[in-house]
Structures are given as C-alpha cells and as structure tokens.
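[1] I would like the atomic coordinates for the input below:
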Amino acid sequence: MIDKQPIIDISQFKELDFLLTLLKEKNKSEEIIPSKEINWSYFLKLVKHHRVCPLVYLKLKDTPDAVPSNVIEALFQEYKKNTFKMLQLTGEMESLDKVFQENDIETLCLKGPPVAYDLFGDISLRMSKDLDILVREEELERTESILFSLGYEKEEISTVLNEVKWRGHHIAYYHPNKNIQVEVHWRLHPRPMKRTSFQELWSRKRESQTTKHPMSFMGTEDLMLYLISHGARHGWFRLRWLKDIDQMVRNKDINYVHFKELAIKHQQKNLVGQAFQLAHLFFQTPVHEELQGIVNTKRANRLAEKAIPFIKEMVQLHLYPRPRNLEQSFKKYLISIKSKREKFFLFIILFYPSSLDAAMFKLPKKIHFLYFLLRPLLGSFRKVKKVVIS
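    Model prediction:
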C-alpha cells in the first residue's frame, strides 16, 4: 500500500485512459468498453509511442464490435512486424554470442529477445529495435574488431580526449545488409551513476531458454534495478518501461531483500521508489512490504510527479534537437533524480572537454589537453550565443 500517490488527472485524455485500461492486469471475463469519444487515430499514435502494440493487439483482437476494424488491422500489422523483427534479432543474437564465446569474450544481453521471453514468456510481446550487450571494458577493442569482421559499421562519433568512454556508456554498430543495430555497453549507465562491475553481474547471470545455444542475461534483481534506472533516466516517457516492472512484480520470484540491498548499495533507492509510485499509479502494481520504506517517501513521490508530464503528454524525449522548453525541463528533471554524490561528480564531469569545444575552437591533437583550461570560456560563449540567437 502506498500512503501518498502522485496526482494525475487523465479525464481529458480518453485515449490514454483506455490504453491504461488495456495494459492493466484484469480479469479475462471483464468486458472491454472504450469511450465513444476516442480519437482512434490518436490512440494508435499513443500505442506506437509507448511501444506496447503487441500487448494492446492481443487485448483487442477478439473485440471487433468495440473497436474499428482498421484499428485492429493496424495493430495486427505492428504485431506481425515486431514478431518478425524479434525472430531476426534472436537469430542474430545467437550467432553473435557463439562468435564471442569462440573468442573467449563474455557478454550479457541487457534487453532484446531474452528479456522479452523472461518477462512475457513470448518474444513477440515486447517491442525491441536493436540488441544491447554488455562486455568488460577491456574487451571493447576485440568486440569491435569481431563486429567489423561480420560486416558491422560503427556510428560516427566526434570525440576529443577519449570523451566517449568518459561521458558515454555504449557505442552503436549497424549492419547495413541485415538492418540490425547492436549497442555495445561497457557500463550499465553513464557517469556519474555508480558502476556495477561486470564480474558482479556475471556471477548472478541467468541463461535464456529462447534458443538452443544458451545466451547469458542478468539475474532477476539486477535486471529489475537496471530497467528501473533506465526508465528513470529517460523520464519514463514510454509506458512500456513501467509495464516491464509491473510484469516482473506479478510474474517473477523476486528476492526483495537482495533487491533492496542492491538499490541502496548503488544509490538508486529513490529511483526504485519513483518507479513503484508510478507503476502503482498507472497499473496498480503491488508493492512488497520490504520496499515500503523506500517507496513511501516524500522524495519518491516528488520524483514520480516530475515524470508524469513526460508520460501524459506523449513527449518525444528521444528525438533531437529537443524544443528549448522541453530541453530545460528535462535537464532539471535529470538533476532532481540524482543523489548528492552523483550531483558532485556531475559537476566535475562538466569540466571534461567535449566535441562541442573542438567544433568551436580547433586545436592540434598534440595540445588537446588545453581544452580543459578553455572549457569554461567556451561553455560560457555557447550560452551567450544561444541567448542572442533566441
């Protein structure tokens, strides 16, 4: 039970209200009755935005009288497209994993088919567009070399002073013939979030049953904490991420004592509180008694309320460049979810040079270290320039 819930009024959002009704765990005998005022075109956009097409299709496919036939057909096409994509990703993940094993490179699947099967028992019920794998940082070069040999191409990244490794946590590789993207991670999250060692995650790994060749992915508690942290970093702008949490809570055997210890150890207890506040609000996700102490807090409640506008307004936080007002509100949100330690290290990271500095003022590679001294000046100049242009 949650003492204080975030406040949300969706009375003016008939489409979102109906979508939430479909995604909640309900008795199969309950009849699905949508409002007559629903804008079905907008409803379809909403379903696609939140990436829950398969789940919604399965709920609506047997209700031809309640929903227009063109809506059912559109959802079916998305469901079918996702099924083919997930089968393709499964085959590619199995092939890649075999090659990595042959080269003694340990990999953990972070999302994709193994996670879809683990959460829903069916790879077609969770939408994925690419593969995400975690490797040891010292294996990055060998991993990249193998991907190049298999026809993958690396995303173009402008960087100075190894900025990618300092500021980022993954690099994307794309196969032009297969139309598949693989994101290779060496950290679960970007700095300044605390790092979980690969060895720690590997010691608790599980093996996926989606293929004949077993693929390794994270243990249950590690996976739930990762999904929560990932959703929080993105403002929970897709309901799919909260549905993942709801699905895990209802269908997985979770060691909540261990999970709480992990959340505290990695300074993510406030994110866990936020996630369960939101999941309970939208899906009535039960909260285990072990988590009550970190879910029923003012901080968790405030963080949940900060994320609601990103969910309710169908905000496209993944698109760049973002509108200026959205960019500012999202930056404030990102700062609000950080711990005191993370805010301190974020301040330090601000002084690390970026590719923007190099684009503004070019220096020979031999003296790139001078960007550390120039960064405050260049940063101030960029801010002044933005104000003048606007």
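[2] what about N296, distance to Q267?
    Separation of N296 from Q267 (CB to CB, to the nearest Å) stands at 19 Å. Any C-beta I mention is one placed from the backbone N, CA and C, and that applies to glycine too.
[3] ok, now S69?
    50 Å.
[4] tell me which of the two has more neighbours.
    Set S69 next to Q267 and count neighbours by other CB atoms under 10 Å: Q267 wins out with 15 against 8.
[5] biggest helix in this protein, by residue count?
    Determined from DSSP state H, the single longest helix within the chain is helix 69-102.
[6] who does it touch, helix- and strand-wise?
    Applying 3 or more CB pairs under 8 Å, 6 or more residues apart in numbering; DSSP states H and E, we find helix 69-102 packed against helix 40-49, helix 53-60, helix 112-120, strand 131-134, helix 140-149, strand 180-185, strand 215-217.
[7] make CSV from these and add mean pLDDT to it.
    Below are the helices and strands packed on helix 69-102 laid out as CSV (pLDDT from 0 to 100):
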stretch, mean pLDDT
helix 40-49, 95
helix 53-60, 95
helix 112-120, 95
strand 131-134, 96
helix 140-149, 96
strand 180-185, 96
strand 215-217, 95
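[8] give the full set of residues in contact with the spatially most central residue of the chain.
    Central residue of the chain (CA atoms, centre = their mean): H230, 4.2 Å from the mean position. If a contact means CB atoms under 8 Å, 6 or more residues apart in numbering, then H230 has 189, 241 as its contacts.
[9] repeat that for the one 5 residues further on.
    G235 is in contact with 307, 310-311, 315, 317, 330, 333, counting by CB under 8 Å, 6+ apart.
[10] compare those and tell me which is most surrounded.
    Comparing the contacts of G235 on neighbour count, A307 comes out first with 24 neighbours (neighbours: other CB under 10 Å).
[11] related to what we said a few turns ago, turn the helices and strands packed on helix 69-102 into a markdown table, columns for distance to I33 and mean neighbour count.
    Converted to a markdown table, the helices and strands packed on helix 69-102 look like this (distance: least, CB to CB, whole Å; neighbours: other CB atoms under 10 Å):
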| stretch | distance to I33 | mean neighbour count |
| --- | --- | --- |
| helix 40-49 | 14 | 17 |
| helix 53-60 | 12 | 21 |
| helix 112-120 | 25 | 24 |
| strand 131-134 | 39 | 23 |
| helix 140-149 | 50 | 15 |
| strand 180-185 | 40 | 20 |
| strand 215-217 | 39 | 24 |
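[12] tell me which of these lies nearest to V99.
    helix 140-149 (6.0 Å; CB to CB).
[13] for that closest one, name the packing helices and strands.
    helix 69-102, strand 170-175, strand 180-185.
[14] adding distance to R341, write the ones you listed out as JSON lines.
    JSON lines is the format used below for the helices and strands packed on helix 140-149 (distance: least, CB to CB, whole Å):
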{"stretch": "helix 69-102", "distance to R341": "34"}
{"stretch": "strand 170-175", "distance to R341": "22"}
{"stretch": "strand 180-185", "distance to R341": "22"}
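[15] most neighbours per residue, which of the ones you listed?
    The densest packing among the helices and strands packed on helix 140-149, expressed as mean neighbour count by mean count of other CB atoms under 10 Å, is seen in strand 180-185 with a mean of 20.
[16] output the contacts of G235 as TSV; include the columns pLDDT.
    Output for the contacts of G235, formatted as TSV (pLDDT from 0 to 100):
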residue	pLDDT
A307	94
F310	90
I311	89
V315	72
L317	66
F330	87
Y333	91
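[17] run through the residues that contact the residue nearest to E37 when sequence neighbours are not counted.
    Distance criterion CB to CB, 6 or more residues apart in numbering; nearest residue to E37, sequence neighbours excluded, is K14 at 5.3 Å. When contacts are counted by CB under 8 Å, 6+ apart, K14 is found next to 35, 37-39.
[18] same thing with L188?
    By CB under 8 Å, 6+ apart, the neighbours of L188 are 110, 134, 169, 195-196, 201, 226, 229.
[19] would you say it is within a helix?
    No: according to DSSP: H, G, I helix; E, B strand; the rest coil, the state of L188 is coil, so it is not within a helix.
[20] need the contact list for V184.
    For V184, the residues meeting the contact criterion (CB under 8 Å, 6+ apart) are 133, 135, 140, 143-144, 147, 170-173.
[21] which residues does it bridge with?
    Judged by DSSP bridges, the bridge partners of V184 are I133, I171.
[22] ok, how many other residues are close to T297?
    Neighbours of T297 under the rule other CB under 10 Å: 18.
[23] distance check, it against M224.
    For T297, the distance to M224 equals 19 Å [CB to CB].
[24] no further questions, thank you.
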